[in-house]
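Colleague: Please find the sequence and the predicted model below.
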Amino acid sequence: MKYHQIDRDLFIKNRSKFLAQMKPKSVAIFNSNDIYPIGADSTMPFAQDRDIFYLSGVDQEESILLLFPDAPYEHQREILFLKETNDHIAVWEGEKLTKERALAVSGIKTVYWLQDFEKILFEMMTHSDTIYINTNEHYRASVETETREARFVKWWKDKYPAHAVAKSNPILQRIRSVKESEELDLIQQACSITEKGFRRILSFVKPNVMEYEIEAEFIHEFTRNRSQGFAYTPIIASGNSANVLHYIENNQQCKAGDLILMDVGAEYANYSSDMTRSVPVSGKYNDRQKDVYNAVLRVKNEATKMLTPGTLWKQYHIEVGKLMTSELLGLGLLDKADVQNENPEWPAYKKYFMHGTSHHMGLDTHDYGILTEPMQANMVFTVEPGIYIPAEGFGIRLEDDVVIQETGEPFNLMRNIPIEVDEIESLMNS
């Protein structure tokens, strides 16, 4: 890992929140992710499962966390199982967590090697009635590869069919969506690294630069600031490519007079940031680009004010739609007849703004959170309206990450990242 060690008190707090919601005489199991093969002896870089990281801070493959608050003995209530390190592994891969180091990272005193897992689990199951399994129920989830967690669930159901089954995910959806102060600091760090990358490219962008060269400037700045890299696949979309919402080829030349939509965020310590800016290749917005840009910025600013405790996600998007409709009328992209005759299931503004305005953010870029429940203080949301005009060859999206406060407007974690037209033009031409 490149990041500074996180205070283990965060993970102790996170576990206590989960433990408090478990049923009597129940066990919860959390597995690390696999290292996925590419071909031959090549593998993808390891990325830890966010749930086991959230609860333990362990950022290592072949790890298992077992929670059993009603265990007969105190030392059995929180147990980590780790891949045993040895001199050979230390030489070829670098030393893995020792038991002592695992305690320092997680605050968990009972640590066993992985080969003892089945024996100790059997003992725990003789004292329990229910097991919590950790299925992915995120509203955007689309999982085709069988995970280590899924393999464990199949094995466990065959081994212990008499136990009742409960789900970890509803608990995690709620507790992960409300951030601790330490988590907010980590997300702020990710946002601050993103700011450094954005300021770097403002002096780099010029006509004829390639999109992938801009991507390279971002990753250079991210890596030198202790980030593992991009929090998600970056979008560097010049010209009409900005109208493809998930454009990731990043292989076109940026032409004079065009805009570049950059949807980019650094991760830090597994926590995400998520920024979008739209900048002029030539360093100046033309009048039409500026008008559309400022319309998007006004929607973003007004939408942000709506993110307060008690707000419902669905109603929030209806209100943002009204703001966007007004702006599109002002830009001449819609007329009154378009609005009067619109389909309520797909309002007229959706022709130019077809995606949602906000999503939870945290350990995952699209983080856990139950959208049917009211927003709460210390939830982190993106705010990202856009206007996409293929007929005019450009699209604009602006996005910041904000923290809902107990009272007043959200706190903008990207408050220092340039967004006003004048500041961006000034920095690009300085």
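Modeller: Right, received. Where do you want to start?
Colleague: Packing partners of whichever helix or strand residue 30 is part of?
Modeller: Counting by DSSP states H and E, the element that carries residue 30 is strand 26-31. In terms of contacts (3 or more CB pairs under 8 Å, 6 or more residues apart in numbering; DSSP states H and E), strand 26-31 is packed against helix 50-56, strand 64-67, helix 117-126, strand 130-133, helix 148-159. Heads up, the C-betas are built off the backbone N, CA and C, glycines and all.
Colleague: one more time with 10 Å
Modeller: In terms of contacts (3 or more CB pairs under 10 Å, 6 or more residues apart in numbering; DSSP states H and E), strand 26-31 is packed against helix 9-19, helix 50-56, strand 64-67, strand 78-82, helix 117-126, strand 130-133, helix 148-159, strand 164-167.
Colleague: any idea of the angle whichever helix or strand comes after the last one forms with strand 26-31?
Modeller: Heading C-terminal from strand 164-167, the first helix or strand you meet, by DSSP H and E, is helix 169-177. Counting by axes from the mean of the first three to the mean of the last three CA atoms, to 10 degrees, helix 169-177 lies at 70 degrees to strand 26-31.
Colleague: how about helix 169-177 as CSV, C-alpha atoms only?
Modeller: Only the C-alpha atoms of helix 169-177 are listed here, as CSV (Å, rounded to 0.1, in the frame of the first residue of the first chain):
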residue,chain,number,x,y,z
ASN,A,169,-25.8,-6.1,3.1
PRO,A,170,-28.7,-4.2,4.6
ILE,A,171,-26.7,-3.4,7.7
LEU,A,172,-23.6,-2.4,5.6
GLN,A,173,-25.8,-0.3,3.2
ARG,A,174,-26.8,1.8,6.2
ILE,A,175,-23.7,2.1,8.3
ARG,A,176,-21.3,2.6,5.4
SER,A,177,-23.4,5.4,3.9
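Colleague: That one to helix 9-19, inter-axis angle?
Modeller: Going by the same axes, to 10 degrees, helix 169-177 makes 150 degrees with helix 9-19.
Colleague: Buried by neighbour count: which residues of helix 169-177 qualify?
Modeller: When burial is assessed from 16 or more other CB atoms under 10 Å, helix 169-177 yields the following buried residues: 169, 171-177.
Colleague: which regions of the stretch 251-400 of the chain lie under the pLDDT threshold?
Modeller: Of all residues in the stretch 251-400 of the chain, none has pLDDT under 70.
Colleague: if we can go back for a sec, any buried residues in the strand holding residue 30, and which?
Modeller: 26-31.
Colleague: Any chance of a markdown table for those, columns pLDDT and distance to residue 160?
Modeller: Below are the buried residues of strand 26-31 laid out as a markdown table (pLDDT from 0 to 100; distance: CB to CB, whole Å):
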| residue | pLDDT | distance to residue 160 |
| --- | --- | --- |
| 26 | 98 | 13 |
| 27 | 98 | 10 |
| 28 | 98 | 14 |
| 29 | 98 | 11 |
| 30 | 98 | 17 |
| 31 | 98 | 16 |
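Colleague: Closest one of the residues you listed to residue 356?
Modeller: Distance to residue 356, by CB to CB, is smallest for residue 30 among those, at 29.3 Å.
Colleague: that older thread, is it possible to get a markdown table of the buried residues of strand 26-31 that adds distance to residue 252?
Modeller: Shown next, in a markdown table, are the buried residues of strand 26-31 (distance: CB to CB, whole Å):
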| residue | distance to residue 252 |
| --- | --- |
| 26 | 54 |
| 27 | 53 |
| 28 | 48 |
| 29 | 47 |
| 30 | 42 |
| 31 | 41 |
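Colleague: and these, which two are the farthest apart?
Modeller: The farthest-apart pair in the buried residues of strand 26-31, when distances are taken by CB to CB, is 26 and 31, at 17.2 Å.
Colleague: Including mean neighbour count and distance to residue 198, could the helices and strands packed on strand 26-31 go into a markdown table?
Modeller: Formatted as a markdown table, the helices and strands packed on strand 26-31 follow (neighbours: other CB atoms under 10 Å; distance: least, CB to CB, whole Å):
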| stretch | mean neighbour count | distance to residue 198 |
| --- | --- | --- |
| helix 9-19 | 18 | 28 |
| helix 50-56 | 24 | 25 |
| strand 64-67 | 23 | 36 |
| strand 78-82 | 24 | 38 |
| helix 117-126 | 14 | 45 |
| strand 130-133 | 19 | 41 |
| helix 148-159 | 15 | 36 |
| strand 164-167 | 14 | 39 |
